[in-house]
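1. what's the 3D shape of this:
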Amino acid sequence: MGDYHETWSQSYFGTYYYFPASVGILGGNGDVYVSAINPVAGFSDVPSSYWAYFYITAVVTKGFMFGCGGGNFCPTALADRKMMADYITVAMRQIQSSAAFNAYFDDVSNDAWAPFINRARELGITSGCGTRTFCPNSIITRAQVAVFIIRGMGQTPSTAPFSAYFDDIANDSLAPYINRMKELNITSGCGVRAYCPNNNLQKDEMTVLLYRAFPN
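-> The predicted structure is shown next:
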């Protein structure tokens, strides 16, 4: 990990791609870029004593996630919906969409995030946040991320009663996804019979979910 300027990595397709440090995100000409970060070096803001050090090291080494520049990971930064689309499609070993940036959503910019957002749409992982809208900059909650994860894994939602495992989740369309994450041991919640569904999701928390959901 650490400073990844002008480094290269072998992707899961066996091809080497450049990871542009100045951009700090995946993208470019329809190719999948992955980071070539030495996990021994470490991010300056993720010491080996950090609670999520193992998970951060693992998912960055896999190329699922990346740093925030300057040799940092920004572990407590909040993840938004465009970032989630990126993380989940890369974790699924998917190539970015070749569709026009505004093929499915009118609020998606013509940038490096668009191919990941559109691919998530094509795979049925997300239908957006409204009519032809994705809300790319909206922070994702712990409840919402369950839908991305379970759909990305190709799993079906749980059929357990909504309150089977957690006392703080609502009897709504998100509950079956949250409960399925519990059944698959992807999450144990945020406390005794608590999931904290409305809490915003941090990057360090995301690494745990991605590592458990996509171990290979």
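2. going by C-alpha atoms from here, please, whenever you check contacts or count neighbours.
-> Noted.
3. tell me who's in contact with the residue nearest to R193 when sequence neighbours are not counted.
-> Of all residues not flanking R193 in the chain, F166 sits nearest, at 4.3 Å (C-alpha to C-alpha, 6 or more residues apart in numbering). Applying C-alpha atoms under 8 Å, 6 or more residues apart in numbering, we find F166 in contact with 189, 193-195.
4. ok, so of the residues you listed, who is nearest S48?
-> G189 (23.8 Å; C-alpha to C-alpha).
5. how close does the closest one sit to D168?
-> Here the criterion is C-alpha to C-alpha, to the nearest Å. By it, G189 lies 10 Å from D168.
6. would you map the helices across the protein?
-> Ranges of helices within the chain are 53-62, 81-91, 114-122, 142-153, 175-183, 203-213, based on DSSP state H.
7. need the mean per-residue confidence for the fifth one.
-> Averaging pLDDT along helix 175-183 gives 98.
8. before we move on, what about the third one?
-> Along helix 114-122, the predicted local confidence has a mean pLDDT of 97.
9. care to break the protein down by domain?
-> According to automatic domain parsing, the chain comprises the domains 1-77, 79-139, 142-199.
10. least confident of these, on average?
-> Among those, domain 1-77 scores lowest, at a mean of 62.
11. and for G130, the neighbour number?
-> Here the number of neighbours of G130 (other C-alpha atoms under 10 Å) works out to 9.
12. that older thread, make TSV from the domains of the chain and add distance to L209 to it.
-> Listed next are the domains of the chain as TSV, based on distance: least, C-alpha to C-alpha, whole Å:
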stretch	distance to L209
domain 1-77	9
domain 79-139	10
domain 142-199	6
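13. which stretch among these comes nearest F214?
-> Set against F214 and scored by C-alpha to C-alpha, the domains of the chain come closest in domain 79-139, at 6.5 Å.
14. would you mind measuring from V90 to V60?
-> When C-alpha to C-alpha is applied, the distance between V90 and V60 equals 11 Å.
15. which residues does the residue nearest to the spatial centre of the chain contact?
-> When the chain is reduced to its mean C-alpha position, the nearest residue by C-alpha atoms, centre = their mean turns out to be Y87, at 3.3 Å. Neighbour list for Y87: 64-65 [criterion: C-alpha under 8 Å, 6+ apart].
16. and the residue located most distally from the centre of the chain, how far is that from R142?
-> If you look at how far each residue of the chain sits from its centre, by C-alpha atoms, centre = their mean, the farthest one is P161, at 27.0 Å. Using C-alpha to C-alpha, one obtains 19 Å as the distance from P161 to R142.
17. ok, the nearest residue to R212 once chain neighbours are set aside - how many residues close by?
-> Spatial nearest neighbour of R212, excluding adjacent residues (C-alpha to C-alpha, 6+ apart): I186 at 5.4 Å. I186: 21 surrounding residues under other C-alpha under 10 Å.
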